[in-house]
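Novice: Here is my input; please provide its structure:
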Amino acid sequence: MNRILMTFACLAFAAAGSTRAQTAATPSPEYLVTPAQGPWMICAASYTGPVARELAFKLIEELRTQYQLPAYVFNRGDKERQEQQAEIDRRRRQQEEWLRQQGLTPDLPFNPRIVRIEDQYAVLVGGYQTMDAATKALSDLKKRPAPKSVPHDSYLSGPSEADQANGNVRLNRETAINPFHTAFVVRNPTVPRTEDNTLDPFLKDLNSRESLSLLRCKQPWTLVVKVFHGASVIQPQSAPPSLMDKLLGSRVGEQLDAGAVNAHNLAEALRQMKYEAYVLHTRTASLVCVGGFARKDDPAMEHVKLSLCRSKIDTKGQKVDLETSL
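Specialist: Below is the predicted model:
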């Protein structure tokens, strides 16, 4: 009898713990970011994977209770799934219309390729009416101590001078990274962006040395086939000033982002394969694009997609996988 009562007690305790965990991971309406927060926000952290949801809401709770900061959640995965479904619906309607034009039944099987999209939870702080206000708030956030409710990434640091004196030159110290130190200003993802044809002067300056610049494309639409975010290289002291210096404002000998070089090499390889390839360098990444098109649904764009899917891209002796959206 005592054993049965103990079993029921354990089950009740486990159920209560599960209920608390689900409650902690369930967003209340005030946690969801909306246009009411303003056009500018701060991305304090982002998470992917099975525990992404739980970590995001734990951090939001701490930011609100311990730091008195207005924190919200945005699930990028939800938006991408909606966009994917909208594209599938568009292609289904396109197929049905083509079948009707051919005098065929429009209910033939339609088997679109569906890409599995992982949840991506972003923890946003704000919002702010101007980018300057958000930047000032970001500076304050970076000075705050690391949150305690979520685990932190870490890196292996080099040996101290004392270690080196003793002959220990291995990477032997694991140092936690305060996630606030890597926070950055972003636009509110729920606020529709008005079309602005004014080119950012910095963007124009950034691409001024790129011989394959997308800014030379005469058409309003292009196809992005690869985005390079960031391997790194070390620039030797003997190297002349380059695009890398302009991208990151770095000095000789500093560690530089190699994405711009990789993007240029891929675009050159595509040009050798007779594709009209371009490169666009931005503040955070370098994009490789193919073609110039008059409109978003230009049939020529679909033709280029199919052609690229069958192509094997080799740049500088390395195989390159194009974006899975092709």
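Novice: where does the stretch 201-326 of the chain have low pLDDT?
Specialist: 230-257, 310, 312, 314-321, 323-326 (pLDDT under 70).
Novice: do the stretch 1-150 of the chain as well
Specialist: 1-29.
Novice: quick one: the helices in the stretch 201-326 of the chain?
Specialist: Ranges of helices within the stretch 201-326 of the chain are 201-206, 243-248, 259-272, 299-309, based on DSSP state H, counting those that start in this stretch.
Novice: quick one, which of those is nearest to Ser46?
Specialist: Taking C-beta to C-beta, helix 259-272 is the member of those nearest to Ser46, at 19.1 Å. To be clear about C-beta, it is placed using only N, CA and C from the backbone, and glycine gets the same treatment.
Novice: Report the buried residues of that closest one.
Specialist: Gly259, Ala260, Val261, Asn262, Ala263, His264, Asn265, Leu266, Ala267, Glu268, Ala269, Leu270 (16 or more other C-beta atoms under 10 Å).
Novice: Likewise for stretch 271-281?
Specialist: Counting neighbours by 16+ other C-beta under 10 Å, stretch 271-281 gives Tyr275, Glu276, Ala277, Tyr278, Val279, Leu280, His281 as buried.
Novice: Endpoints of that stretch, how far apart?
Specialist: 18 Å (C-alpha to C-alpha, to the nearest Å).
Novice: hmm, who's touching it?
Specialist: Where contact means C-beta atoms under 8 Å, 6 or more residues apart in numbering, the residues beyond stretch 271-281 that reach it are 206-207, 210, 212-217, 222, 243, 247, 260, 263-264, 266-268, 270, 286-292, 304, 308, 311, 313.
Novice: try 6 Å
Specialist: 206-207, 210, 212, 214, 217, 260, 263-264, 267, 270, 287-291 (C-beta atoms under 6 Å, 6 or more residues apart in numbering).
Novice: Widest-spaced pair of these?
Specialist: Leu206 and Gly291 (22.0 Å).
Novice: thinking Ile60 is in contact with Tyr72, fair?
Specialist: No - look at Ile60 against Tyr72 with C-beta atoms under 6 Å: they stay out of range, at 7.1 Å.
Novice: Spit out the residues that contact those two alike.
Specialist: Tyr31.
Novice: picking that back up, among the buried residues of stretch 271-281, which one lies nearest to Pro112?
Specialist: Tyr275 (25.0 Å).
Novice: Ramachandran angles for the closest one?
Specialist: phi -90, psi 150 (degrees, to the nearest 10).
Novice: now, which of the buried residues of helix 259-272 sits nearest Thr105?
Specialist: Out of the buried residues of helix 259-272, the member with the shortest distance to Thr105 (by C-beta to C-beta) is Leu270, at 39.8 Å.
Novice: Could you pull up the contacting residues of that closest one?
Specialist: Ala277.
Novice: try 10 Å this time
Specialist: Counting by C-beta atoms under 10 Å, 6 or more residues apart in numbering, Leu270 touches 212, 225-226, 276-278, 288-290, 308, 311, 313, 315, 320, 322.
Novice: looking at these, which has the most residues close by?
Specialist: Highest neighbour count within the contacts of Leu270: Val288, with 28 neighbours (other C-beta atoms under 10 Å).
Novice: Correct me if wrong: that one contacts Glu210.
Specialist: No - the criterion here is C-beta atoms under 10 Å, and Val288 misses it with Glu210 at 11.4 Å.
Novice: picking that back up, mind putting the buried residues of stretch 271-281 in JSON lines, distance to Pro201 included?
Specialist: Putting the buried residues of stretch 271-281 into JSON lines (distance: C-beta to C-beta, whole Å) gives the following:
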{"residue": "Tyr275", "distance to Pro201": "30"}
{"residue": "Glu276", "distance to Pro201": "26"}
{"residue": "Ala277", "distance to Pro201": "25"}
{"residue": "Tyr278", "distance to Pro201": "20"}
{"residue": "Val279", "distance to Pro201": "19"}
{"residue": "Leu280", "distance to Pro201": "15"}
{"residue": "His281", "distance to Pro201": "14"}
